[in-house]
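Engineer: take a look and give me a structure for this.
(one chain, ligands or ions: 1)
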Amino acid sequence: MTTPVLPPSSHQPKPYTGPSAEKVLALRKEFLSPGLFLYYKKPIMLVEGSMQYVWDETGKRYLDGLGGIVTISAGHCHPHIVKAAREQNETLQHSTTIYLQPKIAEYAEKLASKLPGKLKVCSFVNSGSEANDLALLMARLYTGNYDVIALRNAYHGGNAAGMAVTAHSSWKFNVPHSFGVHHAQAPYCYRGNYGYDDPEAGKKYADDVKSVIDYATSGKVAGFIAESIQGVGGFVVFPDGYLQHAYEHIRAAGGVCIADEVQTGFGRTGTHYWGFETQGVIPDIVTMAKSIGNGAPLAAVVTTPEIASVLAQKIHFNTFGGNPVVSAIGKAVLEVIEKENLQQNSLNLGRYILAGLEKLKQKHAIIGDVRGKGLMLGIELVKDRATKEPAKEACAAVLEKARDLGLLLGKGGLWGQTIRFSPPMCITKADADFLLEVLDAAFDAAAA
Ligand SMILES: Cc1ncc(COP(=O)(O)O)c(C=O)c1O
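Structural biologist: Predicted structure coming up:
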């Protein structure tokens, strides 16, 4: 097999003059939280980025197949977004929401225009965790109920509220943060009780939401929170009808439905702008982060005027949420996604890659499942297709080999057994072919 060749880039990186990777690692060990984790036996250090590519300190270029974990929507250092940030930085960097500010107002109007139904009122915060915290607060205040249903295999953030609704042992500390939170079965067709071959799987998994309401709550709930495709859980796509039935059960119990679009929003799923739309539902509250800012610390909660009005019972304030610089960036991100047809690109290339992955599955026994929508694609590795024993070590080995060949990938799933491909949405067909060639070589190497 010939060595895969990374498609060319017109970007010329600057010579790197900063501290060595060894020095940065030593500084990190001494001065940064030991809770941070690194990929790769020899950690990689990225020093420059342009669109779908990143460079390490030696000048080696990589296709960014992880996009800072779906954070880079439009492309690294996209010129239109950099220009918007620079102009706003040079004009007014911060102005509290106590004063009128044009950027946040214009941005809120544009963001709201992307959402269906009555989802028109935006609250800006700084991270996905904060967005979910605020969404849960709104759900509890609006309904007057406390219990929340979330899903197993979910990840919703690293603060107390986010961790409470997360159900993934690696991310949960043994402190009492989950009071009032109940986890229903994940609608995970590959590993769950109902498989891809069951046309009723969506409804059957949703029945577990009803069962949790009946057994574990007073019968009244504040709400339900779910990612539209489970991200950290390994890009688990729900069977058709799941959210529709789950939402019915929640609303019948007095709750509101929260869609966590932190990884799935902004056109990534290809067919739709929002992941929840792929399930044919309209949530009551939507949380978003990551891709929304293309790397800037921006996140949002968008809801209906009725639900948003609960925050007017008191003062609710967030110092940096929607400050002029991130608002200018957020608006520029929406403009790029529109102008460059990035949603369509996600659809076209997502389909193309998925077809390629299906072919690789026929060739490599280690591939148990391939799944995903648009440019959010997962490859679950198993030691044995019959037992589905997770192939955690092989997954790590595939990532190492891919890195050597110039491709950065992510991994997810409870055991770190699922490869995650979620690049900036500006990748090309040549990048897609490169990805498939690298994966082919990496699966061969992992099996050897
Ligand atoms: C689906 C989902 N929700 C929430 C979060 C938390 O976002 P943040 O890390 O910005 O707090 C993440 C982060 O990975 C996520 O994937």
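Engineer: show me the strands in the stretch 1-150 of the chain, by range?
Structural biologist: 46-50, 53-56, 61-64, 121-125, 148-151 (DSSP state E, counting those that start in this stretch).
Engineer: out of those, deepest packed?
Structural biologist: strand 148-151 (a mean of 27; mean count of other CB atoms under 10 Å). C-betas here are computed from N, CA, C, even on glycine.
Engineer: neighbouring contacts of the helix or strand that comes right after that one?
Structural biologist: Using DSSP states H and E, the helix or strand that follows strand 148-151 in sequence is helix 160-165. Contact partners of helix 160-165, identified using CB atoms under 8 Å, 6 or more residues apart in numbering, comprise 128-129, 132-133, 136-137, 148, 150, 154, 156-157, 171-173, 177-179, 181, 225.
Engineer: from A397, how far off is the residue most central in space within the chain?
Structural biologist: Nearest to the geometric centre of the chain sits Q263, at 1.9 Å (CA atoms, centre = their mean). The gap separating Q263 from A397 is 25 Å, by CB to CB, to the nearest Å.
Engineer: swap in V175?
Structural biologist: To A397, V175 is 34 Å away according to CB to CB.
Engineer: more neighbours: these two, which one.
Structural biologist: Between V175 and A397, counted using other CB atoms under 10 Å, A397 has the larger neighbour count: 19 against 8.
Engineer: right, and the helix or strand after whichever strand or helix holds that one?
Structural biologist: Using DSSP H and E, A397 maps to helix 392-405. The first helix or strand that comes after helix 392-405 along the chain, using DSSP H and E, is strand 407-408.
Engineer: apart from its neighbours in sequence, what residue is nearest the residue in the stretch 1-150 of the chain that the ligand sits nearest to?
Structural biologist: Proximity of the stretch 1-150 of the chain to the ligand (CB to the nearest ligand atom) peaks at G128, 2.4 Å away. Leaving aside its sequence neighbours, G128 sits nearest to A289 (CB to CB, 6 or more residues apart in numbering; 3.3 Å).
Engineer: avg pLDDT for stretch 296-307?
Structural biologist: Averaged over stretch 296-307, pLDDT sits at 98.
Engineer: just the buried residues of it, please?
Structural biologist: A296, P297, L298, A299, A300, V301, V302, T303, T304, I307 (16 or more other CB atoms under 10 Å).
Engineer: mind checking what secondary structure the fifth one has?
Structural biologist: Three-state assignment for A300 (DSSP: H, G, I helix; E, B strand; the rest coil): strand.
Engineer: point out where the stretch 151-300 of the chain drops to low pLDDT.
Structural biologist: Counting by pLDDT under 70, the stretch 151-300 of the chain shows no low-confidence range.
Engineer: show me where it has its strands.
Structural biologist: 181-184, 223-227, 229-230, 236-237, 256-260, 285-288, 299-303.
Engineer: mind putting these in TSV, distance to the ligand included?
Structural biologist: Formatted as TSV, the strands of the stretch 151-300 of the chain follow (distance: least, CB to the nearest ligand atom, whole Å):
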stretch	distance to the ligand
strand 181-184	15
strand 223-227	5
strand 229-230	8
strand 236-237	12
strand 256-260	5
strand 285-288	7
strand 299-303	6
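Engineer: minimum distance to T96: which of these has it?
Structural biologist: strand 299-303 (17.8 Å; CB to CB).
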